[in-house]
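Visitor: Model the structure of this input:
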Amino acid sequence: MWGCGLGFLVLALWNTTNVAVVTSILIVAISLNSAIYLGFMTNNLDLSPNFCGTLMGITNSLSTVASIFAPLAVGWMVDDGAVSCLFKLYASLHGSVSNEISVKFFQHTQSEWKNVFLLSGGIMFGSNLIYLIFGSSKQQRWNSPRTPIVKHYGIRTYCT
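Guide: Below is the predicted model of the structure:
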């Protein structure tokens, strides 16, 4: 996550208007972001091999909720407020976007996008730092309960 965060911070702090350079930095940053799946997917299996499906469902649900609010936050930061962002979302869903709205939609200043990239890069750096400090791949105690588990076919077994 630090590679993608670094790419976003470079975009925020480097004053360039060259579209090819900005696009290249974004491609590299997002490509580096794909490496998080190597740790994210396997960590749930390390923590609890017996309940990794449930754990994956919980962690994916939390990340999806954050992904739902990210475009709204960007719209609020980049444009003239949350009301305009919600109006644009409504208009785009109903297919009634006028020319005036679409032209205004792309007239954002570079400083507004710098704030978005600073926030994104900061969240990536901060969350990775928290994981590196507090994260663990040690198998959890609750992975192996000592109470019998009745499977769907009626045979009693113990998790070991």
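
Visitor: Can you give the distance of the helix ranked longest in the chain from its chain's centre?
Guide: Criterion DSSP state H: the longest helix present in the chain is helix 52-78. With CA atoms, centre = their mean, to the nearest Å as the basis, helix 52-78 stands 6 Å off its chain's centre.

Visitor: so what secondary structure elements neighbour that helix?
Guide: In terms of contacts (3 or more CB pairs under 8 Å, 6 or more residues apart in numbering; DSSP states H and E), helix 52-78 is packed against helix 36-47, helix 82-94, helix 110-134. Just so you know, the C-beta spots here come from the backbone N, C-alpha and C atoms, and that holds for glycine as well.

Visitor: okay, the ones you listed in a markdown table with mean pLDDT and distance to Met56 next?
Guide: Shown next, in a markdown table, are those (pLDDT from 0 to 100; distance: least, CB to CB, whole Å):
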| stretch | mean pLDDT | distance to Met56 |
| --- | --- | --- |
| helix 36-47 | 79 | 5 |
| helix 82-94 | 56 | 29 |
| helix 110-134 | 86 | 16 |
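
Visitor: Mean neighbour count and distance to Trp2 for the ones you listed - can I get that in a markdown table?
Guide: Output for the helices and strands packed on helix 52-78, formatted as a markdown table (neighbours: other CB atoms under 10 Å; distance: least, CB to CB, whole Å):
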| stretch | mean neighbour count | distance to Trp2 |
| --- | --- | --- |
| helix 36-47 | 14 | 10 |
| helix 82-94 | 13 | 29 |
| helix 110-134 | 15 | 6 |
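
Visitor: among the ones you listed, which is nearest Ala73?
Guide: Distance to Ala73, taken as CB to CB, is lowest for helix 110-134 among those, at 7.9 Å.

Visitor: now the angle between helix 52-78 and the closest one, please.
Guide: Counting by axes from the mean of the first three to the mean of the last three CA atoms, to 10 degrees, helix 110-134 points 150 degrees away from the direction of helix 52-78.

Visitor: now the angle between helix 36-47 and helix 110-134, please.
Guide: Using the same axes, to 10 degrees: helix 110-134 against helix 36-47 is 30 degrees.
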